[in-house]
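Colleague: starting from these lines, generate the structure:
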Amino acid sequence: MHRQNNNRGRKCRMNPDEKEDRECAPPQAESSPAGGSDREHDETQAENPEASRMKRAAAKHLIERYYHQLTEGCGDGGCSNVGCASSPGFLRTDNNAAAVRSLELYKAGAPLCDPHPSKKGTTSAHVESSALAAAAAAAGGVRGGAEACGNSRVNHREGGHFVREDFKDVSFLTEDKVYEILALCAAKDDYSPLIRVIGRVFSSAEGLVASFRRTTPPTKEELKSLQGKDEDKDEDEKEVEDQMEEDPPASSSLSHVAGGEGGGGGPTGADEQPWADEVSVDAEAVRRVYARLLSNERVEAAFLNALVYLSPNVECDLTYHNVYSRDPHYLNLFVIVMENSNLHSPEYLEIALPQFCKAMSKLPLAALAKLARLWSRQGAASLRRMLETFQQLITYKVISHEFGGRNLVNDDEAVVGATRCLKILYYADVLGGEVDTGHNEEPDDEPVPESSELTLHELLGEERRNKKGPRVDPLETELGVRASDCRRPLVPFEEFVNEPLNEVLEMDKDYTFFKVETENKFSFMTCPFILNAVTKNLGLYYDNRIRMYSERRITVLYSLVQGQQLNPYLRLKVRRDHIIDDALVRLEMIAMENPADLKKQLYVEFEGEQGVDEGGVSKEFFQLVVEEIFNVDIGMFTYDETTKLFWFNPSSLENEGQYTLIGIVLGLAIYNNCILDVHFPMVVYRKLMGKKGTLRDLADSNPVLFQSLTELLSYEGSVEEDMMITFQISQTDLFGNPLMHDLRENGDQIPVTNDNRKEFVAQYADYVLNRTVEKQFKAFRRGFHMVTNESPLKYLFRPEEIELLICGSRNLDFLALEETTEYDGGYNRDSRIIKEFWETLHSFGDDQKRLFLQFTTGTDRAPVGGLGKLKMIIAKNGPDTERLPTSHTCFNVLLLPEYGTVEKLRERLLKAITYAKGFGML
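Modeller: Numbering: from 1, shown residues only. Here you go, the predicted model:
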């Protein structure tokens, strides 16, 4: 049964091997004048230009006969040939579909009918369909090899008429060919030939892949940047050099099936070079062509319609035919389409762009990596244009649909496809920025100990997930770069966040898809760059809570099997006056005996107090521990009065175990969703993510030293004569005594010169940020990883977001808090006491506002996303009275009596927040 239309016809094609065999076989019904069944004879004839020309002419003639057989028939009403229009039951199609079918019949060697006497001599000498001409040219490209383009560019006549002006023989485009057609159309004020050529080439994967090829070889730098991390890199480079020195072999059928007439400098000529970068398209030429053509509305419509037709076929090619492995030049297609600066326009957003995004997401991993490398070199403006295109599609789909619990945004193919395409741009953004793939922290000498309950977990079928470590994105591995390697991206990471998407995302379901890892359910947590910190924090919260529940369930089963006492929580009973001794000793015992207990839900009890820990007691516990640990009198950390930041004390008398316990405390705070008032420079969070400190990290941790070293680097005079410094530096110990250290062996004998000053600066920064605190930081990091080693923390968050996660937001917007506060017990937004309360609170100074937050929520920091994300409740606590306001810090509830005057309200509230200490039962 023949195909119904050209678009659907592409969906059912033979496998690549079968297709290649049939394309190389001669037609069975009628032999070519220059053809034969002998393969060696064919190859010999292919070397003869005259024989090649005759073969193409014969192939063209056969295809025309198949075409007329499909459109007009042989004239015999009882014809039994199913490929003949005269056959009973034959379903007629339009001319374009018939042209495609005629090419397939030719390749398959289908039988041809002899024309009925009534039909002889009536077949048209003129080709009726432009698609038929393209099919004939394609057959010529397959049969004729690399000479097809050069030998068929002469102006020829058919039926006494020139067909050159209709450009039906153009099956791929070059910049010169586009301008030639454009000039002819402009002269006649008729752009229909150009529109037909664009429609034909841009709707054909083969034609588009062959179009706009480079005419000069890429530079060595371009070749190296696109080769990636292949283990056989040296062999690849040698093959590339060999290929560029000798004539190239025949390319795959997909890149040369359009090798008929295409204008000057066509890619199928003998001079073509199969360059190793596999992205041989001339992007600059494509941009110039788009700039000339997109100003014409009719021409723009041709691009739109062609993309609608092209995308399903490309998706089919990539999904079922493994086309990229056979023809790496297939990547040209995506480069050409993405250079269209009008892709963000409303006409594309409905159908064309969603289909194309879906097709692009089917590219194999190696192709995605090569696209990322290519786009990383095109600059911030080009990257931002493509980024805005995908973001606009996502936003358009989100606001034009009602997503919710039953209609998940995860199921929208357009949003998912655009998000996957954004991932390519995200890594291009990383690669194109200032990247430091070196300076990585060495892994811990000892692995984080496994739980002693592991055997029981296996017995119960509860073997731990992600035991091999947190998830790593495959594209990140392929490119050999992480987001934390990027100091400054081409485009700020914040521009990749899509707020409308974050608002409709059902994070509980998305987290489920993230953990299950099924192919038919997409999770946006696999593309964390598109999520804001609030959404990612919610995903981390779900992960932590589910792990807590899992530990609780395992503990119950463990107690039943072993008969031990049930202990489903991480219980800490501490004395308020000895909080460090009690807490750290208990945590040290747990870390040594069974580190898995650290992943249980924390439950804190202050000795002699009645408070029940539903979250608020834990908040105060962490606050008190942090205040004690960072007390400079203890000597574990130093404090810089200029930057207001703490740093590890390299001369501390405390042992490594104490720093390990501090790392555990920070990990527990994240795990239990508590905010800490810690003040570390950003380099600490970068080091926790696996990056060593460098000169740039001194900018916020030690700005005076940073300024001195940068001035040394930029000094224009003689460093050796003017500054007289050596590779020996001076530091002070805990007691203020000077200590000398050689950055190099015999450093006091090595002067710093203009030639070696970069080495001196790098060694100095490494010494201050890494080597002097190596023992302390390794112990600190080990404790942190004891709690977070199975968490998706490193996968979801960048270093600056880790700081926000631990410390919360420093911006206290009480107007946002007022907007989101709820009321209970008879109060509402319009109550007199509520209006007076907010007037009073807004009149407080910053320190008093922080005291209020500490009193009401258990911490003086805003959560991730600001105070607007804090769900505070103000409830009525009786009529006017002398009692002070009280609070439930576990639930952020303020119990406020209905005081008679605003003066009394202010006096009672200030006394409550100033002298609040301890917990009791109300």
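
Colleague: pretty sure Y67 is touching T93, no?
Modeller: No. Look at Y67 against T93 with CB atoms under 8 Å: they stay out of range, at 11.4 Å. C-betas here are computed from N, CA, C, even on glycine.

Colleague: looking at the two, which has the bigger crowd around it?
Modeller: Y67 (28 against 20; other CB atoms under 10 Å).

Colleague: name the SS class of that one, please.
Modeller: Assigned by DSSP: H, G, I helix; E, B strand; the rest coil, the conformation of Y67 is helix.

Colleague: for it, give its distance to A97.
Modeller: Y67 sits at a distance of 11 Å from A97 (criterion: CB to CB, to the nearest Å).

Colleague: next structured bit after the worst-scoring helix or strand of the chain on mean pLDDT?
Modeller: Ranked by mean pLDDT, DSSP states H and E, the weakest helix or strand in the chain is helix 253-256, scoring a mean of 32. Later in the chain than helix 253-256, the nearest helix or strand by DSSP states H and E is helix 283-293.

Colleague: so what's the residue most central in space within the chain up against?
Modeller: With distances taken as CA atoms, centre = their mean, K423 lies nearest the centre of the chain, 2.4 Å away. Taking CB atoms under 8 Å, 6 or more residues apart in numbering, we find K423 in contact with 368, 473, 475, 527, 529.

Colleague: adding distance to V704 and pLDDT, write those residues out as TSV.
Modeller: Shown next, in TSV, are the contacts of K423 (distance: CB to CB, whole Å; pLDDT from 0 to 100):
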residue	distance to V704	pLDDT
L368	45	94
D473	39	89
L475	41	93
C527	41	94
F529	35	95
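
Colleague: farthest-separated two in those residues?
Modeller: Farthest-apart pair in the contacts of K423 is L368 and F529; separation 14.8 Å (CB to CB).

Colleague: for the contacts of K423, which one is nearest V416?
Modeller: C527 (9.5 Å).

Colleague: in this structure the closest one contacts L422, no?
Modeller: Yes. Counting by CB under 8 Å, C527 touches L422, with 6.8 Å between them.

Colleague: show me which of the two is the more surrounded one.
Modeller: The neighbour comparison of C527 against L422 (other CB under 10 Å) goes to L422, with 24 against 17.

Colleague: so what's that one scoring on pLDDT?
Modeller: With respect to pLDDT, L422 scores 96.

Colleague: tell me the buried residues in the helix or strand hosting V178?
Modeller: Per DSSP H and E: V178 is located in helix 175-188. For helix 175-188, the neighbour count (16 or more other CB atoms under 10 Å) marks 175, 177-178, 181-182, 184-185 as buried.

Colleague: what pLDDT does the nearest residue to I336 once chain neighbours are set aside get?
Modeller: Spatial nearest neighbour of I336, chain neighbours left out: V286 (5.4 Å); criterion: CB to CB, 6 or more residues apart in numbering. Listed pLDDT for V286 reads 94.

Colleague: going forward can the numbers begin at 4, since that is how I track them
Modeller: Will do, 4 is the new start, and the previous item becomes V289.

Colleague: could you verify that the residue nearest to the centre of the chain is part of a helix?
Modeller: Yes. Counting by three-state DSSP, K426 is found in a helix.

Colleague: from S711, how far out is it?
Modeller: Distance, K426 to S711, by CB to CB: 41 Å.

Colleague: before we move on, what about E75?
Modeller: From E75 to S711 the distance is 88 Å (CB to CB).

Colleague: more crowded one of the two?
Modeller: E75 (18 against 13).

Colleague: after the longest helix along the chain, next one along is what?
Modeller: Ranked by residue count and defined by DSSP state H, the top helix of the chain is helix 536-565. Past helix 536-565, further along toward the C-terminus, the next helix or strand under DSSP H and E is strand 573-577.

Colleague: show the average pLDDT along that next one.
Modeller: Strand 573-577 comes out at a mean pLDDT of 85.

Colleague: for that strand, packing partners?
Modeller: Other helices and strands packing on strand 573-577, by 3 or more CB pairs under 8 Å, 6 or more residues apart in numbering; DSSP states H and E, are helix 582-596, strand 605-609.

Colleague: which one, of the ones you listed, ends up nearest to V200?
Modeller: Comparing the helices and strands packed on strand 573-577 by CB to CB, strand 605-609 comes nearest, at 69.3 Å.

Colleague: helices or strands up against the closest one?
Modeller: Under the contact rule (3+ CB pairs under 8 Å, 6+ apart), strand 605-609 is packed against strand 573-577, helix 619-632.

Colleague: most tightly surrounded among these?
Modeller: Most buried of those, by mean neighbour count (mean count of other CB atoms under 10 Å): helix 619-632, with a mean of 21.

Colleague: which residues sit against it?
Modeller: By CB under 8 Å, 6+ apart, helix 619-632 touches 575, 577, 579, 582-583, 586, 605-609, 614, 637, 639-640, 665, 668, 671-672, 675, 677-681, 857, 860-862, 891-894, 922.

Colleague: just the strands in the chain please.
Modeller: 160-161, 164-165, 437-438, 489-491, 573-577, 605-609, 640-643, 648-651, 731-735, 741-745, 825-827, 876-879, 889-891, 896-899 (DSSP state E).

Colleague: right, and these - which one's nearest S83?
Modeller: Closest approach to S83 among the strands of the chain (CB to CB): strand 160-161, 31.7 Å.

Colleague: report the mean confidence score over that closest one.
Modeller: Per-residue pLDDT over strand 160-161 has a mean of 40.

Colleague: what do you get for stretch 298-317?
Modeller: pLDDT averaged over stretch 298-317 gives 90.

Colleague: quick one on the thing from earlier: do I have it right that the residue nearest to I339 meets L336?
Modeller: No. Assessed by CB under 8 Å, V289 is found out of contact with L336, at 11.3 Å.

Colleague: out of these two, which sits in the busier spot?
Modeller: L336 (26 against 22).

Colleague: R813: neighbour count?
Modeller: For R813, using other CB under 10 Å, the count is 9.

Colleague: now the phi/psi pair for it, please.
Modeller: Main-chain torsions, R813, degrees, to the nearest 10: phi -90, psi -10.

Colleague: from D849, how far off is it?
Modeller: From R813 over to D849 (counting by CB to CB), the distance is 11 Å.

Colleague: where does the prediction get shaky in the protein?
Modeller: The chain contains residues with pLDDT under 70 at 4-60, 97, 99, 118-169, 219-281, 447-473, 565-569, 613-618, 737-738, 919-925.

Colleague: what's the span of stretch 643-661, first residue to last?
Modeller: Terminal residues of stretch 643-661 are spaced 22 Å apart (CA to CA, to the nearest Å).

Colleague: how about stretch 732-742?
Modeller: Its first and final residues considered, stretch 732-742 spans 8 Å by CA to CA.

Colleague: can you check stretch 764-780 too?
Modeller: For stretch 764-780, the first-to-last residue distance is 22 Å (CA to CA).

Colleague: which residues sit against that stretch?
Modeller: Counting by CB under 8 Å, 6+ apart, 650-653, 655, 659, 662, 686, 690, 695-698, 700-701, 704-705, 708, 712, 715-716, 730, 732, 734, 744, 746-747 sit against stretch 764-780.
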